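> What follows is a predicted structure for the sequence shown.
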Amino acid sequence: MKFTPEYSCADCNARAGRIETDHGIIETPIFMPVGTVGTVKGVHMHELREEVKAQIILGNTYHLYLRPGMDIIGRAGGLHKFNGWDRPILTDSGGFQVFSLSSMRKLTEEGATFRSHIDGSKHIFTPENVVDIQRTIGSDIMMALDECAPGTSDRAYTRRSLDLTKRWLERGWKHYKETEPLYGHYQSYFPIVQGCTYPDLRREAAEHAASLGADGYAIGGLAVGEPAEVMYDMIDVVNEVLPKDRPRYLMGVGTPVNILEAIDRGVDMMDCVMPTRNGRNGMLFTPEGTMNMRNLKWADDFSPLWEDGPALVDRVYTKAYVRHLFVANELLAMQIASIHNLAFYLWLVGEARKHIIAGDFHAWKTGMVEKLNRRL
C-alpha cells in the first residue's frame with residue numbers, strides 16, 4: 001500500500017492525498033460506509049459504486065467470524081468474491097465489538113474471551129488469530145486487536161488497558177510479519193492508538209505505534225462517551241506524533257460536523273454507521289442541515305430530496321413521497337434514506353478535498369459547520 005499526501009491546508013492540518021491498494025485507488029480524505037456483516041444495510045453493491053460513489057467499505061471481523069464463518073468465506077476466496085465488492089475493503093479487528101459485550105467477555109494477557117451474541121457459544125480473540133481471521137477475509141487493510149476503554153475510564157484503568165493493548169500490538173505485528181496473504185493481494189496492518197482522554201497516554205500510544213513503521217495508523221477509543229471537544233483535543237495530540245507520510249484513520253466517527261473537524265485536524269479516513277442507522281430512522285443529512293422525514297412539514301413538499309444531489313434518489317424522489325413511505329413503514333423509505341445519507345457523506349468529504357486543493361478549506365468548513373448544525 002502506498003500513501004501520497006498531495007495537498008495541505010495553509011491555515012489548518014487538513015490534507016488531501018491518495019492511497020494506492022491492489023483493489024484500487026482511494027482519494028483522501030475519505031468516508032468509508034460500514035458493511036458490518038459483509039453488506040452495507042439496504043444498499044446494493046452497484047448503488048454503492050454508482051450512486052454513493054464509495055471507494056472503500058468496511059467489514060467487521062467479529063461479525064464475519066461468527067456468521068457466515070471463516071470456512072465459508074475462505075472457500076469463497078475471501079470477502080471480495082463472497083460479496084461482489086471489487087474495490088478496497090478495511091476490516092476492524094473486532095476489538096470494539098468485544099468491548100461492547102462487557103457482560104459477556106473477559107480480557108486476559110492471552111486475548112479476549114467472549115460469548116457470541118447469536119448463540120452464547122464461547123470464543124477467544126488473540127492478537128495472532130485476528131490476523132489469521134483477517135487473512136482469511138482478505139481485507140486490504142487489517143486492524144490490530146486492542147481494548148477500547150470507555151471514554152469515562154479513570155487513569156489507573158486506562159493505564160492497564162493501554163499497556164495490554166501495546167503488548168497485544170507487538171504480538172500481532174510479529175504475527176503479521178510472519179504470515180502471508182491468501183489471495184494474492186497485499187494486506188496492510190494498522191495499529192490502533194488508544195489512551196482514552198489522557199493526552200500523555202495518547203502521546204505514548206502514538207509513539208509506540210509509530211515506532212513499528214506500519215503502512216497507516218488508526219485512532220480508536222473516541223466518540224465513546226467523551227465530549228466532542230475532548231475528542232478533537234485527542235486527535236490533535238495523536239496527529240502531532242503520527243508520521244505525516246502515512247494515512248490516519250479515525251474509527252467510528254461520526255456526525256458530518258465531526259467529519260469536517262477531524263479533517264481539519266489531519267485525519268484522512270473515517271467510518272460510522274450514522275448515515276445508514278439514522279437514515280433508517282428517518283433522519284436525512286443535507287448541505288443545509290438535517291431533516292426528520294416523519295415531520296408533518298414535509299407532507300406536501302413536492303421538491304426533490306436534494307435537487308443537485310449526487311445520487312439518483314436525491315433527484316427522483318420528493319420529500320413528500322419519502323415522508324409517506326416512512327409513515328407507512330415501507331422498506332423503500334429506509335433504502336432511499338440510506339443511499340441518500342451515504343451519498344451525502346461521500347459528497348461532503350469530496351467537497352472537503354476540493355477545498356483543500358483550492359486552498360480555502362478552513363473558511364469553507366466554518367460556513368459549512370454552521371449550516372450542518374441546523375434542523376430543517
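Structure's in. What do you need?

> I'd say residue 242 and residue 249 touch.
No: if you go by C-beta atoms under 8 Å, residue 242 and residue 249 don't touch, sitting 10.3 Å apart. In this view, the C-beta of every residue, glycine as well, is placed from N, C-alpha and C.

> what about the two, which has more around it?
Applying other C-beta atoms under 10 Å to residue 242 and residue 249 shows that residue 249 carries more neighbours, namely 24 against 21.

> who touches the helix or strand of the chain with the lowest mean pLDDT?
Within the chain, confidence by mean pLDDT, DSSP states H and E is lowest for helix 95-100 among all helices and strands, at a mean of 75. Residues outside helix 95-100 that contact it (C-beta atoms under 8 Å, 6 or more residues apart in numbering): 60, 62-63, 105, 112, 114, 125, 143, 145-149, 192, 220, 251-252.

> which parts of it are buried?
Buried residues in helix 95-100, counted by 16 or more other C-beta atoms under 10 Å: 95-99.

> Output the longest helix belonging to this protein.
Counting residues, the longest helix found in the chain (DSSP state H) is helix 331-358.

> Show the subsequent helix or strand relative to that one.
helix 361-372 (DSSP states H and E).

> how close does the closest residue to residue 175 other than its chain neighbours sit to residue 169?
Excluding the flanking residues, the one nearest residue 175 by C-beta to C-beta, 6 or more residues apart in numbering is residue 128, at 4.3 Å. According to C-beta to C-beta, to the nearest Å, residue 128 stands 12 Å off from residue 169.

> in the stretch 101-250 of the chain, which spans are helices?
127-137, 155-178, 199-210, 228-241 (DSSP state H, counting those that start in this stretch).

> Quick check: which of the ones you listed has the most neighbours on average?
helix 127-137 (a mean of 23; mean count of other C-beta atoms under 10 Å).

> From the chain's centroid, how far away is that one?
Counting by C-alpha atoms, centre = their mean, to the nearest Å, helix 127-137 is centred 19 Å from the centre of its parent chain.

> again, but for stretch 104-117
23 Å.

> ends of that stretch, how far apart?
8 Å (C-alpha to C-alpha, to the nearest Å).

> which residues touch that stretch?
Contacts for stretch 104-117 (C-beta under 8 Å, 6+ apart): 66, 95, 98-99, 101, 121-127, 129, 145, 147, 164, 167-168.

> Give the rounded mean pLDDT of it.
Stretch 104-117 carries an average pLDDT of 90.

> again, but for stretch 267-285
98.

> Show me which residues of it are buried.
Buried residues in stretch 267-285 (16+ other C-beta under 10 Å): 267-272, 274-276, 278-280, 282-285.

> returning to that earlier point: which among the buried residues of helix 95-100 gets closest to residue 31?
In terms of C-beta to C-beta, no member of the buried residues of helix 95-100 lies closer to residue 31 than residue 96, at 17.8 Å.

> so who does residue 339 touch?
Contacts of residue 339 by C-beta under 8 Å, 6+ apart are 42-43, 47, 51-52, 311, 313.

> again, but for residue 252
Contacts of residue 252 (C-beta under 8 Å, 6+ apart): 96, 220, 222-224, 271-272.
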